[in-house]
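# here's my sequence, what's the structure:
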Amino acid sequence: MENTFVTIIAIVLAAVLLFIFPLMSMSQRTDDVSQLAVQTATEDFVIDVRTSGKLTEDRLDEFITVLYSTGNSYDVQISIDVLDENPGKKTAQVSSDKVGENITYSIYTTQVQDNLENNGYMLLKEGDNINVSVKNTNTTIAQMFINVFYSITGNDTYAIVAQSSGIVTATGK
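Take a look at the predicted model:
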């Protein structure tokens with residue numbers, strides 16, 4: 001009777017070691033490849049917008065298509081800090097020819113999408129700042145294994161996250 005119980009435990013342990021752990025390792029590698037693809041696509045998108053000074057609906061759709069080609073769903077957040085130059089002169093300073101302070105205001109994802117739907121493009125100017133943040137919204141296979149084996153739960157854990165930002169170097173035309 002004792003030998004039967006030990007044999008069953010050994011078979012279960014062997015099944016876990018032979019099948020579950022390699023599957024877990026492969027799913028983590030898949031997440032790593034997705035992470036690399038998402039980070040590269042995010043950086044390319046930001047560099048394209050920075051150097052052209054123009055954000056188009058087609059370019060955003062192309063970016064989202066590249067993200068979804070990894071087999072996951074994503075939450076894409078775009079924030080643009082628009083430089084609002086103040087051409088006024090400061091009177092409190094000794095020299096009256098100094099230009100006033102530059103102020104920035106932010107445009108967020110929904111405002112960017114509304115602008116793109118209405119115009120098809122959004123022109124940026126030199127000095128504006130673009131921030132793009134991407135997080136996966138679905139649970140990947142690797143996340144499921146981690147949740148089962150390590151009992152980590154919570155909605156704030158993301159397996160695939162990418163972020164890129166930069167200052168626009170050209171005024172869009």
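
# make it CA atoms for all contacts and neighbour counts henceforth
Fine.

# ok, Val49 - how many residues close by?
A count of nearby residues for Val49, using other CA atoms under 10 Å, gives 25.

# where along the chain do the strands fall?
Using DSSP state E, the strands of the chain run over 54-56, 74-84, 103-107, 121-123, 129-136, 161-167.

# list the buried residues in the helix or strand of the chain with the lowest mean pLDDT.
The helix or strand of the chain with the lowest confidence, counting by mean pLDDT, DSSP states H and E, is helix 141-150 at a mean of 76. If you call a residue buried by 16 or more other CA atoms under 10 Å, then helix 141-150 has these buried ones: Ile141, Ala142, Gln143, Met144, Phe145.

# with stretch 57-70 instead?
Buried, per 16+ other CA under 10 Å, within stretch 57-70: Glu57, Leu60, Phe63, Ile64, Leu67.

# quick one: the helices in this protein, in order.
Secondary structure of the chain (DSSP state H): helices located at 2-15, 21-52, 57-68, 109-119, 141-150.

# can you get me a residue count around Ile107?
Ile107: 14 neighbours (other CA under 10 Å).

# next, the contact list for it, please.
Taking CA atoms under 8 Å, 6 or more residues apart in numbering, we find Ile107 in contact with Ser79, Ile80, Asp81, Val82.

# bridging residues for the last one?
What it means is Val82. Counting by DSSP bridges, Val82 forms beta bridges with Tyr105.

# who's in contact with stretch 137-144?
Residues outside stretch 137-144 that contact it (CA under 8 Å, 6+ apart) are Met24, Ser27, Gln28, Asp31, Asn72, Ser73, Tyr74, Asp75, Tyr158, Ala159.

# next one: the most centrally placed residue in the chain from Phe45, what distance?
Geometric centre of the chain, nearest residue: Val134, 1.8 Å, by CA atoms, centre = their mean. Using CA to CA, to the nearest Å, Val134 is found at 12 Å from Phe45.

# also Leu116?
Where Phe45 is concerned, Leu116 sits at a distance of 16 Å (CA to CA).

# which non-adjacent residue is nearest Ala121?
You called it Ala, but residue 121 is Tyr. In this structure, Tyr121 finds its nearest non-sequential neighbour in Thr56, 4.1 Å apart by CA to CA, 6 or more residues apart in numbering.
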